[in-house]
Structure formats: structure tokens, C-alpha cells
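Trainee: Okay, sequence plus prediction incoming.
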Amino acid sequence: MASAVTYTAEWPVLVSIIFSPPQNYPLYIRSVPTENELKFHYTVHTSLDVVDEKISAMGKALVDQRELYLGLLYPTEDYKVYGYVTNSKVKFVMVVDSSNTALRDNEIRSMFRKLHNSYTDIMCNPFYNPGDRIHSRAFDNMVNSMMMQVC
Amino acid sequence: GWMNKHLNLVPALVVVFYELDWDEPQWKEKQSECATRVEIVRQSLQGRNTKVAVVLIQKKTPLPPGEDVIASERAAALCNACDLSGKSLFVLPHTDHLVGYIIRLENAFYEHAQTYYYTEIRRVKSHKEFLNKTTHQLLFVRHQFKIAFFSELKQDTQNALKNYRTAYNLVHELRAHETNMLEIKTMAGFINYKICRLCFQHNTPLDAIAQFRKHIDLCKKKIGSAELAFEHAAWMSKQFQAFGDLFDEAIKLGLTAIQTQNPGFYYQQAAYYAQERKQLASMLCNHDSSVIYPNPDPLETQTGVLDFYGQRPWRQGILSFDLSDPEKEKMGILSLQLKEKNVLHSELIITLLSNAVAQFKKYKCPRMKSHLMVQMGEEYYYAKDYAKALKLLDYVMCEYRSEGWCTLLTSILTTALKCSYLMAQLKDYITYSLELLGRASTLKEDQKSRIEKNLIKVLMNESPDPEPDCDTAAVKASQKLWADRVSLAGSNVFTIEVQDFIPFVQCKAKFLAPSFHVDVPVQFDVYLRADCPHPIRFSKLCISFNNQDYNQYCVVEEAYQKSDILEQSSQGTMCLVPGKTRKFTFKFVAKTEDVGKKIEITSVDLILGSESGRCVILNWRGGGGDAASSQEALQAARSFRRRPKLPDNEVHWDSLTIQASTMIISRVPNISVQLRHEPPALTNEMYCLIVTVQSHEDTVAKDVKLTAGLKPGQDANLTQKTQVTLHGTDACDESFPALLPDIPVGDLQPGEKLEKPIYIRCGTVGARMFLVYVSYLIDTIVEGKEILCKCHRDETVTIETVFPFDVAVKFVSTKLEHLDRVFADIPFLLMTDILSASPWPLTIVTTQLQLSPSMTPVDQLESYVENVVLQTGESASECFCLRCPPVTNASGVATGCYIISWKRSSPVESVPVVSTVITLPHVIVESIPLHVNADLPSFGRVRESLPVRYHLQNKTDLVQDVEVSVEPSDAFMFSGLKQIRLRILPGTQQEMLYNFYPLMAGYQQLPSLHVNLLRFPNFTNQLLRRFIPTHIFVKVRLGMTEDNSIMS
């Protein structure tokens, strides 16, 4: 089960946005390739443990100067899970193949920033209702281009 | 092989204990006997390098070395005889300090053992020198490992670690081939285990982790024989598990792990590989049952053990990469595969997963824990332990539901549904179906449709179709179970509480108003909506209230017909069409006892299926709503999205809000209550409040009752200072109540008017709230039902109470000068002043001065203000002349009190008179030694004699020496004694007569009298002037008016 994805030619990438607590449900979740999607969902869900822990460790101090990028959440055998959390506690999680050595911390960071910007654009849409699942073509395109760049 | 030998068989040191004292008489014999024993030990060691030592057990305490000559001689002899070095001979005196000697011996032995291992290492190293990298690659690893192993035995862990590391690197330098892959991996795994263990022992966990990562990265791809790929997975799993165990061990010894780096991850990974092993095994070992285990067993060896770890039993010790005997090879692989078939994989996986769960629980990873529990559940499912699977899945389901991860929830539910199907667990099967059909499920339409059809079958007491992807044997077994269930009568009603999950029928109940009058029917709507793909029928909808009497009115029921169940056309009232909101309106008449109470919907029950088949009661607590609806309501409330227009009789589901309770309030009264009065009220008067009640009802208002008085809930003091009565003619006292409850007034005919005066006495000033409350009973008809309603109307009024008047009292002298104290026995005046403060005219009926015993009136005390009417701001004054006899009390003397009897000036005679008592102030009384008063006319005339007589009264008990002198004034001539000294006896008075002759007209100063008391120097002329006049008005002489005016 685990190895099936590891040896595909494409490097799997998954992008997900999780709404702020107490609900913590995914607003947007997309993975390439789409098989084994369930496993990725579980990976993202379990990574929230670490995100929660990191957020609580940061405390309330220095909210303004807080680094939004949480870095590598935890390593698994096959994937690397990265996290990012906005000031309103909206979480971004990215899962990439651990064999993809081309991705360095800086690239991941800039990808998150890009995601955050697009998310902000969506929030600025008066017809978007915070907490609704994201269905936006612009956002899809942005995520697509990001995934293309990575794979 | 050799590790066991060195660990358990070959000693590093053999010690011979022998009882022998230095001064032993038979020394020679004993010495040779000891030497023989040593020789026997030596022979049994067969030339190994094992050290031999001798310990002599002696009874005497040895002397310090060098002093005992015999001892040193004999020791040398013994060493010689036994062929031992002096260092290997020890003495253990069996005396007091035995423990100390033993410890010293132990250290000595340890040193010897270390020396032994050191030489062993040297020996192995010397072997290695001869080796050649190209031809003896395998031996390089072996020797290196041996060195490390001996170092470890030597307890030199640092060197052991160093050597193990070298050995590890050497292993990976070996040429790997399919045939020796297993051996390499076994060795690598073994060395890796040693390295990691030593790293943890050295408290360098990061090194251990790094080594392990390197190990895994290097070995991950070394699968070896494809036919035995499961072996690789098993090996990987074992690696992770072993590391997890080591890590856990280290934690138990004090290492601290963190959330992202704990043994749980390794157990989890071990479980993954175990799963992979299972998959590979099922793929590679699916031999026919006809394939039999080869005979002779290729896995058997002659000795029963392998010479080298990791080698195939059927080709031990063969170094060549070529397969010498392909047939043998095939049989070997086959036997391994058949063996693998018997392994209980699920058990292994579950053990590893539960290990991981225990770890993640410790390191605050609730979601990881849930995830692993899902996997455990799935594994139990594969292992056909459905009950355990269901238990685990059910346990974690709610966490995924509450966090809103629908995809994950759906996948768990699907597995759970399979389990419940296979066990024919009706209630679980129905519950999971309900949720899988619901809006939180991400299943495809066709799946949902299949599940719904199965659910309908179950409701009709038939067996459902099997779930897809189930084990065929298990399906067969379950079908039998289902058949049993179907034939089993009874216990076919299932109540399912839905608020903890997300069923496919949503419910919202809503009272049309937050409150209803008792004389109008209570109305509410129940909205139902189904999310399933096909329409669904239900047999009954009933609502329960906190007052169960209403339950009977709120039931929708219809005869259930089996044939209708799937017909789309018959969408009657009892059918829910997907995506459409159905509305049911209920109406009932509230009971009159429930007036003022809350009617609450305690539950809504929707019954699917029928009593004859199976019955499922969906039970919503309160007014509907399930696990997801509160969040949805919040989102809907935030949304700005415009909703498309719908036909009139339809509503948007999102826009509906639950209103599960309503208040029953009394009928609107149809009478008027008016209050008439003349504010403000005056203190203590009987204030009249006229209540007018008029009925506008169509029928007779029965049992009209009036409650009037001070509104409860105000200051407690007000209650005591307020009295209410119905009888205004006589004044009431404190015993009267502040509130008159339920005064029966009788019946009121339609249009009848009733007037009732109420008298209120307010004892203190300030504002008060008064309540007038009229209640009555009336018959009304609601929905063809006659009910007796109780109605009431209340009015409140705030009445201000003020003082009717202000009374000012002052003391003045007879000269009308203000006095702050009075003199004993000397008359003074008491002046009272009543100033009306009332906005209404007041009549002073009479006044009365009640003097205290210490005061005596000088003349008659009669009222001068009887029947005086005072308008606002007017005042009435009185004046009384009093005298106070001398008192001993210096502080003050009570004067008495002043009683004013008054009433509001009103045409009505019956208004009672109010007496207001005003306590007069105390006055300070002083005695004086001498009182002088003058007798003189009220005016004089120019050049006409004016006789003045001064009375000097001695008020003391002493004889007074008095000096009297008169000072002349410009306006007068006078005759009489100008200066005199005289004596006045106690209690007597002296008269002095003067004849003044005024010279000028006008208000003139009299010649002033000076009195000087020799005994009382305090008695001043100033005090004197209080009593005697200083000026007099002098008129012109009659007929001399003009003259006089010129002169002046």
C-alpha cells in the first residue's frame, strides 16, 4: 500500500487548507496523483496534532512577529509534511515525496506564501462565506501551476 | 555459533579455590594437590587462552607483605608448582572483613578477564592482518564484528561502537547478489541493532536515530529474491519494531522523547511493512491447496541449526553467486512461501499498531491515535474479527465527525457497514446506512442508491444484498444470520437517537411564535428533509412535549402499504422526496393550567417501516437537529448568498431555525382600568385613589377581583410606612396592610362600569409605586372547545408624597429679639410659623400647644389660626408668651409639642382630619442674678415729662450690692438719682424712679442705665440691655409742630 505511490514517476504532492478551530475541517484538499487519496487525507489529518502542539507552544506572545511557516511537521518514511498557520489559525498543510530533494525549505516557504495570498484573495470575495469549502477556478489554477512546478 | 560459545561456553578466567594456610604443617602435600587441580583445569580448557587463577582460603589474617618471610617463600614455590605468575595467586582470609576482600578479588578477576579479551582481540586483529580486501571480503566483516563483540564483552563500549560501525560499513561494501542478500541484510540488521543500542546506552539518541535512518535508506531497496519479497517486508518491519523497542527501552531508562520523534512512529512504520508483507504474501503465496510441502524438507539441516546467520538452509557455506541446483532452489522457495502462508499477519499488524497507539497516546497525538485505531479496526475486519473492528471504528467515528472530515468518516462508515452486515447486526447496520445516506457522506449516488435499497429491504424484514468487496465465505455465513433474523419474530423496533450523528433525514421543529395566548390555538411546523437518492416513506411522525397531554394531538399516521414503498408516483403526505422540504403543521389548544408555563418539544420521532415488518424510530431530542446542523446553521447565518425564489409553499431549508419551545400566556383582557387621583399625596393624609373598571367583553366577566396597594418588590420600609384601606372616613393606623389582595367585586355585565375608591396613607415622603390589578374569569370558545380563561389587567401608578407644610419655631424675647437661650423666670415668646407646601389648599382646623411641665404659660394658650385656609406658599403664625422657672439642668429644657389638626380643603365633608404633632425644640435656660425691667410709656413728647420706673429684682439668695448710674443723653434732661449704691435683699426688688424730659423729637436714645453688681462681675450692661429699652420715640408737642420741625 505504502510503496505503490512511492515508486510512481511523478512525485506526489498534496495541498490542503484547514479551517480554524474548533471545527478543523478541510476547506480545500487536493492531491496528485489522485489514487490513494484517502491515505493523504489521513496524513494531513494526523499532522494537525503537530500543528496544534506547535501553535500552543508559540503561545500568545508576539503575535505580530510570529513566523507563520511552521516548517517540517514530521517525517514519515515516504513523505515530508510541511505546515503553515495564519494569524487567524487557518492551517495550510503540504505533503511532498521525501525523495523529492529539489524542494528546499525556501521553496516550500514561498509556495505557502503563494497559497496564503490566494487564500486571502478568496476571503476578499464578498460572496465567499468564511468556512465554506473552496470552489474557485482561480484557486484551482494556482494550485495546479504550483503542483506542475513541483512535479 | 561462536557468539554463543563466547558468551556462555568459553570462560575468560577460571579460578581455583583452595584451602591452604601459609603455616600449614603438611605444606608439601597440599602444594602438590593444588598444583594437580590447576593442571586438571588447564587440560580441560584444551589450550584456550583462558586465564587461570588460584585463591587460597586462609583462616588467619595475613601479615603485611614483606614481613612474613615464610609466606613469600611459599607463595613463590606454589606459583612455580602450578605454573602461575605471581599476579594470579590470591589469598582470601576467612576473617571479619570478608566483604571487603571479596570486592577486591572481584576487581582483580575483572582485570584478568579484560586482559583475556584484550588478547582475544589482538589475536583476531593479527588474523585480519593477513587478509586481503579482494579475496577475503567476507572475513573482513567477520573479524571486525568479532573485535567489536569482544570489546563489548570487555565492557569497552566506546571501542565496541567504533568497531561495530566499521563492521557496518564493511557489510555494505560487500557485493550483494540475490543469493546472499538475506545474509547481508541479516548481518546489517544485527550490527545496526548493536550500534543503536550502544548509542542509546551512551545517551546519544540522535546518533542512534541517524544510524537507523542510514541503515533503512541503504537497505530499503535491497529486496532480494522477488519471489520472497515478503521476506524483505518482514525484515523491514522487524527493523522498525526492534528500533522502536530500543527507543522505548531508552525512554524507560530516562530519555525524553518528543511529539515528532517517539517510538510510536517506528511501530507505525513496522506495522506498515507488516501490512505490506501481508499483501505480498497474499500475492506470492496463493498456491493451490493441492501444492504440498516438499519432502524432504529443504529447510531442515543436519544439525538442526544454521552455521551462518542469514544463509539458506539448502545451500550453506556456498559463496558462489551461481545457483548450483535450480531444482533445490525452487523447492526451498516453495517451502518458504508455504510457511509464510501460515503466518497470522493480522495479529502481527494489530500488535504493532496497538504498540504505536500506546506511544502516540503518550505524546499528545490524538488524531494519529485515531488514525491508527482506524487501521486496527480495518485489520480486525480483514482478520474477520468483526465485533472488535466495529468497536474500534465506532469509538473513533465521532472524532472524525466532529472535526468535519467527511471523506474519512465515509470510509470508516463503509467499513463499519460491512462489519455490521457480516455480523447481521441490525441496529448498527441501520445506523450506518442512515449516516452513509446522509449529507455528510461522500459516497457516489449509485452507492447511496444501493444502500438505500438495502435499508428499505431491511425495513421490510428482508435480507439486504451483501456489501461489495466482502469475503465470499463470510458473506455466505452472514446470509444465514440474516435469514435467522428475518424469521425471528419480535424485537423488531429500533429506536435510534440521531443527534450524535448525521442521518439522511433532517428535522426542524418550529413554533410559529415565541408565545401564544391561551385563547388561540398553539401552532407549530415540523420540517423534514431527506438527503437520500430515492424518495422514502415513513409510517408515523409524532412529537412529544414536556406536558405529555399534548402528544396525542401531534401525530401524523397513515396505514402503511407494502406495495407502495418504491413507487415514485405515490408521493403522498407520508413520503419524503429527496431535496424537498416537507412541512407538517400541527395545532392544539393549550390547557388553561399551562398559562405562564413553557411548552417544549422534548423529542420528534419519525418512524420508518412498519410494525409488521421492522420499525425504526428516528428520535431527535428537542426540536430536531443533528451532529452537523449547528455548524450549518452558523454558516447559513453568515452567508450573504441570495437564495433562489421558490414557490410559495416551499421554504429554504437553511433559512429555517429551530424554535423548540413557546410560552403560554393568558388571554388579552378586554376591560379598561382607569385611576383618578390628585397628586401629590400629603404625608399621613388619607389619599384617595378612585379606580374605574369598565368591561368591554361580550359576555359576563365573572368573579372580578381587585388587588390594590403598594407594588411588591419596593423598599421594605415603604411597606411599613404605607397603609391601604377601602374606608376613607376614619384614619387608619399602622396595623393596616400595604396591599389589599383579591377584593371581590362581583360580576361585570358587558359595558358595565364600576368605581371603587381606595384610600392610601403614606407615612413618609418620597415616591411609591402602586399597583391596581383586576382579574376576572370569562368563558370563551377556541376551535369549538369551551374554555374558562382567566384574564387580568394591571395598572401601576407612581405617587409622590410630600409634606403638607413646613413649621418653623423660634424663641424671642419680649423685645422680639431672637434668643438662643432663655432666662429663668423671665417671660419670653414662642413663635410658630406654618408654611403651606401643598399644591392644594389646606384647612388648619385647629392648633394646640402642649407644654411640658417645665414650662408655664404667662397667659391663655388658645389657637389663633382655627379654620384658616392656606393656599400654596401662604403661612400662618402664632405667638405664645411663656416663662420657664429656674432649673438646675444646664443642658436644655423640653418645651413641649405643637399639634396641628388639618385636612385638605375639599368640598367633601367626610375627609378626616389629620393631626400632625411637631415636637418643639429644647431650650437652654440660664439664671441671672439681677433682673431689671423698666416701666415707661410707649412714647414721649417733647418738653413733657416722661416718668420711667426701673425695677431691680434680686434673683439670687444673696444680698446684692448694686451700683447704679445713669448716663445723660443729649436728647433728654432728667431728674432722679444719677449714681447710687444700694443693697437689695434676696427675693426683693428695688424701684428707681426717673423723670425724663425729652428735648428733641424722633426716635431718641434714652439716658442709659448702668448697673454694676459687685458680687457678679460677669453681669454686664450688654445683658441688661436685653431687658430694658434703649430708645424711645418722642413726638412733637401738640401745636408746636412747625417749631419743632425747624429745630430738628
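Mentor: Noted; the coordinates are in hand.
Trainee: For the rest of this, base every contact and every neighbour count on C-alpha atoms.
Mentor: Will do.
Trainee: And the helices in chain A?
Mentor: A:2-6, A:37-58, A:105-124, A:137-150 (DSSP state H).
Trainee: most packed of those helices?
Mentor: Counting by mean count of other Cα atoms under 10 Å in any protein chain shown, helix A:37-58 has the highest mean neighbour count of the helices of chain A, with a mean of 18.
Trainee: That one close to chain B?
Mentor: Yes - residues of helix A:37-58 are located near chain B by Cα under 8 Å from any Cα of the partner chain, namely A:38, A:41-42, A:45-50.
Trainee: Residues touching the host helix or strand of residue B:360, excluding its own?
Mentor: According to DSSP states H and E, residue B:360 maps onto helix B:345-362. Helix B:345-362 is contacted by residues B:241, B:259, B:262-268, B:270-272, B:274-275, B:277-278, B:366, B:368-369, B:372-373, B:375-376, B:379-380, B:382-383 when judged by Cα atoms under 8 Å, 6 or more residues apart in numbering or on different chains.
Trainee: Would you mind measuring from residue B:89 to residue B:100?
Mentor: 18 Å (Cα to Cα, to the nearest Å).
Trainee: okay, those two: which has more neighbours?
Mentor: The neighbour count for residue B:89 versus residue B:100, taken as other Cα atoms under 10 Å in any protein chain shown, is higher for residue B:89 (19 against 10).
Trainee: buried ones in the helix holding residue B:360?
Mentor: Of the residues in helix B:345-362, B:345-346, B:348-350, B:352-357, B:359-360, B:362 count as buried by neighbour count, 16 or more other Cα atoms under 10 Å in any protein chain shown.
Trainee: same deal with stretch B:366-380?
Mentor: Buried, per 16+ other Cα under 10 Å, within stretch B:366-380: B:366-380.
Trainee: out of the residues you listed, which touch chain A?
Mentor: With Cα under 8 Å from any Cα as the criterion, the buried residues of stretch B:366-380 include B:366-368, B:371 near chain A.
Trainee: So residue A:80 sits against residue A:95, correct?
Mentor: Yes - using Cα atoms under 8 Å, residue A:80 is in contact with residue A:95, at 5.6 Å.
Trainee: the more surrounded of those two?
Mentor: Using other Cα under 10 Å as the criterion, residue A:80 and residue A:95 rank with residue A:95 on top: 23 against 18.
Trainee: From residue B:375, how far out is the more buried one?
Mentor: Residue A:95 is 20 Å from residue B:375, by Cα to Cα.
Trainee: Which pLDDT does the model give residue 145?
Mentor: Reading this off chain A. Listed pLDDT for residue A:145 reads 83.
Trainee: not what I meant, chain B
Mentor: At residue B:145, the model reports a pLDDT of 81.
Trainee: Please identify the helix or strand for it.
Mentor: helix B:137-153.
Trainee: Okay, buried residues for that helix please.
Mentor: Buried, per 16+ other Cα under 10 Å, within helix B:137-153: B:137-138, B:140-153.
Trainee: List just the nearest of those to residue B:595.
Mentor: The nearest member of the buried residues of helix B:137-153 to residue B:595, counting by Cα to Cα, is residue B:152 at 89.8 Å.
Trainee: Next up, the contacts around the closest one.
Mentor: Here residue B:152 is in contact with B:159-160 (Cα under 8 Å, 6+ apart).
Trainee: show me where pLDDT drops low in the stretch 451-600 of chain B?
Mentor: B:489-491, B:558-573 (pLDDT under 70).
Trainee: which residue ranges form the helices in it?
Mentor: Applying DSSP state H, counting those that start in this stretch to the stretch 451-600 of chain B gives helices spanning B:472-487.
Trainee: That one: strands as residue ranges?
Mentor: B:493-497, B:505-511, B:515-517, B:522-530, B:536-537, B:540-545, B:555-557, B:575-576, B:581-588, B:598-609 (DSSP state E, counting those that start in this stretch).
Trainee: thinking again about what came up before, of the buried residues of stretch B:366-380, which is the nearest to residue B:331?
Mentor: Nearest to residue B:331 among the buried residues of stretch B:366-380, with distances taken as Cα to Cα, is residue B:379, at 31.7 Å.
Trainee: pLDDT value on the closest one, please?
Mentor: Residue B:379 is assigned a pLDDT of 89 by the prediction.
Trainee: Over to residue B:832?
Mentor: 90.
Trainee: Look up the closest residue to it, ignoring the ones flanking it.
Mentor: Nearest residue to residue B:832, sequence neighbours excluded (Cα to Cα, 6 or more residues apart in numbering or on different chains): residue B:809, at 4.5 Å.
Trainee: I'd guessed the one you found sits against residue B:829; true?
Mentor: No - assessed by Cα under 8 Å, residue B:809 is found out of contact with residue B:829, at 10.5 Å.
Trainee: Spell out which residues of chain B are next to chain A.
Mentor: B:259-260, B:265, B:269, B:272, B:275-276, B:364-368, B:371, B:402-405, B:407-408, B:635, B:638-641.
Trainee: Pull out the buried residues from the residues you listed.
Mentor: Here, 16+ other Cα under 10 Å leaves B:259-260, B:265, B:269, B:272, B:275-276, B:364-368, B:371, B:402-405, B:407-408, B:635, B:639 buried among those.
Trainee: lowest-pLDDT helix or strand in chain A?
Mentor: Using mean pLDDT, DSSP states H and E, the weakest-scoring helix or strand in chain A turns out to be helix A:2-6, at a mean of 28.
Trainee: List the contacts of the residue in the stretch 551-700 of chain B that chain A sits nearest to.
Mentor: Nearest to chain A in the stretch 551-700 of chain B, going by Cα to the nearest Cα, is residue B:639, at a distance of 5.5 Å. For residue B:639, the contact set (Cα under 8 Å, 6+ apart) comprises A:127-129.
Trainee: now the helix or strand harbouring residue B:186: mean pLDDT?
Mentor: Assessed by DSSP H and E, residue B:186 sits inside helix B:181-201. Helix B:181-201 carries an average pLDDT of 86.
Trainee: what comes up buried for that helix?
Mentor: B:181-189, B:191-200.
Trainee: Give me the helices and strands touching it, please.
Mentor: Counting contacts by 3 or more Cα pairs under 8 Å, 6 or more residues apart in numbering or on different chains; DSSP states H and E, helix B:181-201 packs against helix B:157-173, helix B:205-219, helix B:229-252.
Trainee: Next, the angle from that helix to helix B:205-219.
Mentor: Interaxial angle of helix B:181-201 relative to helix B:205-219 (axes from the mean of the first three to the mean of the last three Cα atoms, to 10 degrees): 170 degrees.
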